[in-house]
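prediction below, plus the sequence it came from.
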Amino acid sequence: MANLGAWLEENIANLVEVAVARLSQDAALKSQAVESVEIFFDGFIQTLVSQNPTPLNVILIDWVEARSAPSSSELTSVVPVLATLKEVTWAQILERCPPEQAVQLLVQADAIFTDALIYLSNLEGDSLLDDMRRQLQKAQSHVKRLDKSKSNFIAVAAHELRTPLTLVEGYADMLGSSPAVGSDAQIPLLLEGIDSGTKRLREIINDLIDVSLLDLKLMELHFQPVWLQHVLTAAERNISKMLSTRHVEVIMERDTIASQPTFADPDRLLQVLQKVLMNAVKYTPDGGKVIIRGREFPGFCDVMVIDNGIGISPLNLPHIFDTFSALGDASLHSSGKTKFKGGGPGLGLPIAKGIIEAHGGTVWAESDGYDEKNYPGSTFHIMIPMYSTPPDKPIWNIEKDLESDDSIN
């Protein structure tokens, strides 16, 4: 039987010369390529003699780490280099050996080259995954820095706006109580406009602060016994006051709402329900209906806010809870919170989602699509945990404690 190891040792000089000519056209780098190819065939022979892939595998590991040998230019993959060395070896065997001997040598060489190619492909796959993980971690760190900068900006801007707003409100109140106001019938109307505008501005500022608190996971929740029917009644009453210019009927199916109490922050829960209800009213035309319906699951009450409005496009559905992702036409933005299709800052739904998630629940929406003629409507699901005892803290603080325990272990 032909001995491949002996044949390689006899023809190593010619193999190296032909391989280097195929791999490198740069004369200045040929010496480096010669050394790399010689090392490769030396490892190849050791693997052949010992029937142990380790000597050749060590060389392949060095190639993947260097990503430059034995070619003159950096490679995204060194598999083509190994394939070239195989082609050169086969060509030299066929050229220099009689057919019967060549077949034997080719079979021996093919077994080692095949194992080497498989090993090298796995190495490069693992290396690529590691590179992608590092790039992903780098991108995630960058995104976190941007999110933190955004949250800090929102918090600072909101707090800075509060001071001049308080001054405007104070001076407007002083002007309203001044005896000189009675001498001009228009002044009370102007003051009423100022009051309405400052109230709306304060609501937006408070929403900005809530967004920053939720982003930074600093919002405080005060858990106490809460009856969902009472909170929904309050939300329905508050919404009704805002519907003086709209003809949208709000219907609450009280018998479907859980009758037993849960532990929650009542003010924040009311805030959630009002924001989801206002969103439903905003995208429901006059003459439409918004239905509040509940259904109970183990440990949760699913409060559904169902409207027969314009619906939500499948493309927009995944983004309606993103901060500042208001879908309304910018030309329709107004200070009116319930104007049909009126745009807004895009804070209501993200705040509602953040508050519910801090309670340990979740919020999602479903819709058959967007249609301003047939009105497919939307359904918002507010999954409220039904706690029998009060949680010690918001859910994100519990998660932090669990992460700390894991790091200690």
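Structure received.

every contact and neighbour count from this point should use C-alpha atoms.
Fine.

just the CA atoms of stretch 208-219, as CSV, please.
Output in CSV follows, covering the C-alpha atoms of stretch 208-219 (Å, rounded to 0.1, in the frame of the first residue of the first chain):
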residue,chain,number,x,y,z
LEU,A,208,-43.1,62.8,31.2
ILE,A,209,-42.1,62.3,34.8
ASP,A,210,-44.0,59.0,35.0
VAL,A,211,-42.3,57.8,31.8
SER,A,212,-38.9,58.6,33.3
LEU,A,213,-39.8,56.9,36.6
LEU,A,214,-40.9,53.8,34.7
ASP,A,215,-37.9,53.7,32.5
LEU,A,216,-35.6,54.1,35.5
LYS,A,217,-37.8,51.7,37.5
LEU,A,218,-38.1,54.2,40.3
MET,A,219,-41.9,54.6,40.5
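
could you pull up the mean pLDDT of that stretch?
Average pLDDT, stretch 208-219: 84.

give me the buried positions along that stretch.
For stretch 208-219, burial by neighbour count (16 or more other CA atoms under 10 Å) applies to 208-215, 217, 219.

please apply the same query to stretch 195-205.
By 16+ other CA under 10 Å, the buried positions in stretch 195-205 come out as 195, 198, 201-202, 204-205.

can I get these in TSV including distance to P179, pLDDT and secondary structure?
Listed next are these as TSV, based on distance: CA to CA, whole Å; pLDDT from 0 to 100; DSSP: H, G, I helix; E, B strand; the rest coil:
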residue	distance to P179	pLDDT	secondary structure
D195	18	84	helix
T198	23	86	helix
L201	27	86	helix
R202	27	86	helix
I204	32	85	helix
I205	32	84	helix
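
between those, which sits nearest D322?
When the buried residues of stretch 195-205 are ranked by distance to D322 (CA to CA), I204 comes first, at 16.5 Å.

quick one: the strands in the protein?
Assigned by DSSP state E, the strands in the chain fall at 224-226, 249-252, 262-264, 289-297, 300-307, 362-367, 378-385.

lowest confidence element among the helices and strands of the chain?
helix 395-408 (a mean of 56; mean pLDDT, DSSP states H and E).

hang on, the earlier thing: now the two most distant members of the buried residues of stretch 208-219.
Across the buried residues of stretch 208-219, no pair lies farther apart than L208 and K217, at 13.9 Å, counting by CA to CA.

give me the contact list for stretch 85-96.
15, 18-19, 102, 105-106, 113 (CA atoms under 8 Å, 6 or more residues apart in numbering).

contacting residues for P261?
P261 touches 225-228, 386, counting by CA under 8 Å, 6+ apart.

Y375 too?
308-311.

most neighbours, which of those residues?
Neighbours here mean other CA atoms under 10 Å. Within these, the largest count is held by G309, at 27 neighbours.

quick one: contacts for the nearest residue in space to it that is not next to it in sequence?
The shortest distance from G309 to any non-neighbouring residue, by CA to CA, 6 or more residues apart in numbering, is to T284 (3.8 Å). Taking CA under 8 Å, 6+ apart as the contact definition, T284 lies against 248, 290, 307-310, 340-341, 377.

how close does the closest residue to L221 other than its chain neighbours get to A21?
Spatial nearest neighbour of L221, excluding adjacent residues (CA to CA, 6+ apart): D265 at 5.7 Å. Relative to A21, D265 is positioned 76 Å away (CA to CA, to the nearest Å).

next: D62.
Between D62 and A21 the distance is 22 Å, computed by CA to CA.

and what of L273?
75 Å.

more neighbours, the two?
More crowded of L273 and A21, by other CA under 10 Å: L273, with 24 against 15.

so who does the residue lying closest to that one once chain neighbours are set aside touch?
Spatial nearest neighbour of L273, chain neighbours left out: A235 (6.4 Å); criterion: CA to CA, 6+ apart. Counting by CA under 8 Å, 6+ apart, A235 touches 270, 273-274.

same thing with P376?
Counting by CA under 8 Å, 6+ apart, P376 touches 308-311, 367-370.

would a markdown table of these with pLDDT and distance to R295 be doable?
Below are the contacts of P376 laid out as a markdown table (pLDDT from 0 to 100; distance: CA to CA, whole Å):
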| residue | pLDDT | distance to R295 |
| --- | --- | --- |
| N308 | 93 | 20 |
| G309 | 93 | 22 |
| I310 | 94 | 24 |
| G311 | 94 | 22 |
| S367 | 95 | 19 |
| D368 | 93 | 21 |
| G369 | 93 | 24 |
| Y370 | 93 | 26 |
